[in-house]
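Asks: predicted model follows, preceded by the sequence.
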Amino acid sequence: MRRAVLPLAVTAALALTAQPAVAAPTNPAAGPDAPAVTVPSDPPTESDRVIVKFRDTAAPEAAKEKVVDTAAQQALGDTKTPEVEEHVKQTTARADVIKLDRELDESEQKDLVREIEANPAVEYAEADRLASASWVPNDTYTQFQWSLLPQQGGVNFPAAWDMSRGNGQTIAVLDTGITPHGDLDSKVVPGRDFINDTNLSRDYDLRDANPRDEGDWSAPGECSAGARNSSWHGTHVAGLAASVTHNGAGISGAAPGAKILPVRVLGKCTNGWVSDIADGISWSAGAPVAGQPANRNPASVINLSLNYPGQCGTTMQNAINTAVSRKVPVVVAAGNNSVNAGGTAPANCANTIVVGASDTTGYTAGYSNTGAVVDILAPGGTAANPMLSTFNSGTTVPGAPTYGNLYGTSMATPLVSGTVALMKQRDPGLTPARIEQLLTSTASGPLGSLNLDPAAAVRAVTPRTTVQASYTAAGGIGSKWRATGGAAKWGNPVMNEANAANGGRYQEFVKNGRKTTIYWSRSTGAYVVENPTAIGSKFISAGRERGYGYPSSDERRVPGGAYQLFRNGSSLTKVMWTPATGPKAVKETGGIGGAWKRAGFERGWGWPVTDEYRSGGEVLQRFSNGVTAHWTPQRGVWTTR
């Protein structure tokens, strides 16, 4: 008999708000009194001007122009070398604006600036560029999409669209499927239905090439006590991610230039099997799946607006790792139960980007799951201020295309997936880890550094027009890399050293596909986190340096297992691993962890077989020698066997 896997429950608020779905808009014919619609065009990227700040701001103009002329000959001598035409002005910061006799493209600008800045007489240089008003789509309902706009609670996507629109990228939406819609159809690439259970599929067949949403409605008592209408959840999520934009109708998507890859994994009652979802993830990323045709349109990013209670299993984690190994980030909803997302999968899976929901104030929405595994907040709406997107008028089976409102972390997640598409247009070679780091390091908002900032995230990506030059490792991280084996052991750096939380730094290294990250902080120094070891994966799933803190030791092998220490302020956590227990954390500066140390570490109570957990008003942790440690504020620590 086939063992059932727990069906998944989508994280969206599945009921519409009090606001009704709206009819599909039409474009009225322009009459003599109708104002012309004007939308700013993109400014040119070419420029014939450069801004140079000289250390001696009072130096003669001729000497300054000579520096630029010489740099142009050195940097661009193999092309038509530009010459200085005139000194335009000096800015209020006393930087000089110098005009050349021809325009340079972006690549030439970078080469020239690099050569100018190599001169010790120069403090800095940059291209002088034309700017224009932010690109704002002319879609009828964009004005109602508060989450996209530069207003309270919104995240100002127009500022990001000035730099990127996600062209050439594909967002896989693993959900209930998709329904025909004028604001989606031209964006959709061939997807697939991965539901392998006729009890859920509603189309009474198994996996096939038709990802149409057949409706997830239910009769009274079938999925819940009362009847429930179809949610059209996948259609709504797809529109938020990448609906047709700037067509004078409907809504705007977060990534206007991206395509949508619909993959149906949720059916009746909005449920789906973990095994089907895992196969859908692998297929979306372009990996082979037994019995299924190859995906000719692999995703650039995968959107999972779904969740289920419990820990991340091997099947789901392996699928996510497959996607990540192909440089396809997996963006996951945190869930809508107002609990710690660490108890919800796939939000607690390693190598994911986990999205919580914010409301119109920018603070965490009351329903949103929270905790260390949440990487970023994005607007998810509320009952009073929901999220407008593509929808369907059918109450059970599909009806006419329309627009409607939902809210939840399911709605926040496609905004982050769309942002990832914008970032990957700038640099398609970005790794999922680098994308996550850029999203979190550029975040802002009332909670300090948690709210999505699409423009800042896109701006932080260096556009890749040619193969990136080799990176170097320097400072404390470079010293650690060399002292512990350098390229022979860890491989070469695949990124520049970057900022991490609370003033720290990190850099990634790869050898034969195996990634290692060296972290540095002022209080701990530099140490290595190995991934995909079990301890490294545990560190990632706990929120990296935002969770356990920075590593204060390397991973150490000891008889029977391994361990690594992490410090977050005054808190010290030891993550321990054995083949029997897997990775578990002991909070050495906590009550239970302190008692465990005094009892002789693993030689006393044994290795931890659980993390700390709460039950019946107590905090408990079990150990391999049969000891269960209990703690309450009133009694402190005691043990039972």
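Replies: Thanks, I have the structure now. Residues are numbered from 1 along each chain as shown.

Asks: contacts for whichever helix or strand I535 is part of?
Replies: Per DSSP states H and E: I535 is located in helix 534-541. Residues external to helix 534-541 that are found in contact with it (Cβ atoms under 8 Å, 6 or more residues apart in numbering): 312, 342, 348-351, 373, 529-531, 547-548, 551, 555, 562-564, 566, 575, 577, 582-585. (Glycine included, C-beta is placed from N, CA and C.)

Asks: so which of those sit within strands?
Replies: Per DSSP state E, strands hold the following members of the contacts of helix 534-541: 529-531, 551, 562-564, 566, 575, 577, 582-585.

Asks: so what's Q151 up against?
Replies: Q151 neighbours (Cβ under 8 Å, 6+ apart): none.

Asks: ok so it is a helix residue?
Replies: No: read with DSSP: H, G, I helix; E, B strand; the rest coil, Q151 is coil and lies in no helix.

Asks: what does the model give it for pLDDT?
Replies: Q151 is assigned 84 on the pLDDT scale.

Asks: got it, and T81?
Replies: 79.

Asks: burial count for it?
Replies: 15 (other Cβ atoms under 10 Å).

Asks: wait, doesn't it sit right on A72?
Replies: Yes: counting by Cβ atoms under 8 Å, A72 is a contact partner of T81 at 5.7 Å.

Asks: about what we covered before: buried among the ones in strands among the contacts of helix 534-541? Make that a ChimeraX selection.
Replies: Typed into ChimeraX, the line below selects the buried ones among the ones in strands among the contacts of helix 534-541, using 16 or more other Cβ atoms under 10 Å:
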select :529,530,531,551,562,563,564,566,575,577,583,584,585
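
Asks: of the ones in strands among the contacts of helix 534-541, closest to V609?
Replies: Proximity of the ones in strands among the contacts of helix 534-541 to V609 (Cβ to Cβ) peaks at K584, which lies at 6.5 Å.

Asks: show me the helices in the stretch 351-500 of the chain, by range?
Replies: 409-426, 432-441, 454-459, 475-483, 486-490 (DSSP state H, counting those that start in this stretch).

Asks: helices of this protein, start to end?
Replies: 61-76, 106-117, 157-161, 198-201, 233-242, 274-284, 314-325, 409-426, 432-441, 454-459, 475-483, 486-490, 534-541, 591-598 (DSSP state H).

Asks: any chance of the helices of the stretch 351-500 of the chain in CSV, plus mean pLDDT, distance to A58 and mean neighbour count?
Replies: Output for those, formatted as CSV (pLDDT from 0 to 100; distance: least, Cβ to Cβ, whole Å; neighbours: other Cβ atoms under 10 Å):
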stretch, mean pLDDT, distance to A58, mean neighbour count
helix 409-426, 96, 39, 30
helix 432-441, 95, 38, 22
helix 454-459, 94, 33, 23
helix 475-483, 93, 35, 17
helix 486-490, 87, 47, 14
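
Asks: between those helices, which one is nearest to G525?
Replies: It is, among the helices of the stretch 351-500 of the chain and with distance given as Cβ to Cβ, helix 475-483, at 6.5 Å.

Asks: export the closest one to CSV, keeping only CA atoms.
Replies: In CSV, the C-alpha atoms belonging to helix 475-483 read as follows (Å, rounded to 0.1, in the frame of the first residue of the first chain):
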residue,chain,number,x,y,z
GLY,A,475,42.2,40.8,4.7
GLY,A,476,41.1,38.5,7.5
ILE,A,477,39.0,36.3,5.2
GLY,A,478,41.9,36.0,2.7
SER,A,479,44.3,35.1,5.5
LYS,A,480,41.9,32.4,6.8
TRP,A,481,41.4,31.0,3.3
ARG,A,482,45.2,30.7,2.7
ALA,A,483,46.0,29.3,6.2
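
Asks: which other helices and strands does that helix contact?
Replies: Where contact means 3 or more Cβ pairs under 8 Å, 6 or more residues apart in numbering; DSSP states H and E, helix 475-483 is packed against strand 505-511, strand 514-521, strand 525-531.

Asks: Serialize the ones you listed to TSV and add fields for mean pLDDT.
Replies: As requested, these are exported to TSV (pLDDT from 0 to 100):
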stretch	mean pLDDT
strand 505-511	88
strand 514-521	90
strand 525-531	91
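
Asks: skipping adjacent residues, who's closest to S441 in space?
Replies: Closest residue in space to S441, ignoring its immediate chain neighbours: N499 at 5.3 Å, by Cβ to Cβ, 6 or more residues apart in numbering.

Asks: any idea of the pLDDT on that neighbour?
Replies: N499 is assigned 85 on the pLDDT scale.

Asks: report how many residues lie close to it.
Replies: 14.

Asks: and what of G272?
Replies: 31.

Asks: ok, it to L174 distance?
Replies: Separation of G272 from L174 (Cβ to Cβ, to the nearest Å): 9 Å.

Asks: name the residues contacting each of those two.
Replies: V265, L306.

Asks: pick the one among the ones in strands among the contacts of helix 534-541 closest to H236.
Replies: Closest to H236, out of all of those and judged by Cβ to Cβ, is N531, at 34.5 Å.

Asks: pretty sure that closest one is touching K515, no?
Replies: Yes: counting by Cβ under 8 Å, N531 does reach K515; the two are 5.3 Å apart.

Asks: so what's L200 closest to, chain neighbours aside?
Replies: G267 (3.7 Å).

Asks: if I look at the one you found, how far off is Q152?
Replies: Distance, G267 to Q152, by Cβ to Cβ: 38 Å.

Asks: of the two, who's got more company?
Replies: More crowded of G267 and Q152, by other Cβ under 10 Å: G267, with 26 against 10.

Asks: let me see the contact set for that one.
Replies: Contacts for G267 (Cβ under 8 Å, 6+ apart) come out as T176, I195, D197, L200, S201, R202, E214, D216.

Asks: same deal with G525?
Replies: G476, K480, S552 are the contacts of G525 under Cβ under 8 Å, 6+ apart.

Asks: my guess is T360 contacts L149, does it?
Replies: No: with contact defined as Cβ under 8 Å, T360 and L149 do not form a contacting pair (11.2 Å).

Asks: dead centre of the protein: give me the residue that sits there.
Replies: Residue closest to the average C-alpha location in the chain (Cα atoms, centre = their mean): I353, at 4.4 Å.
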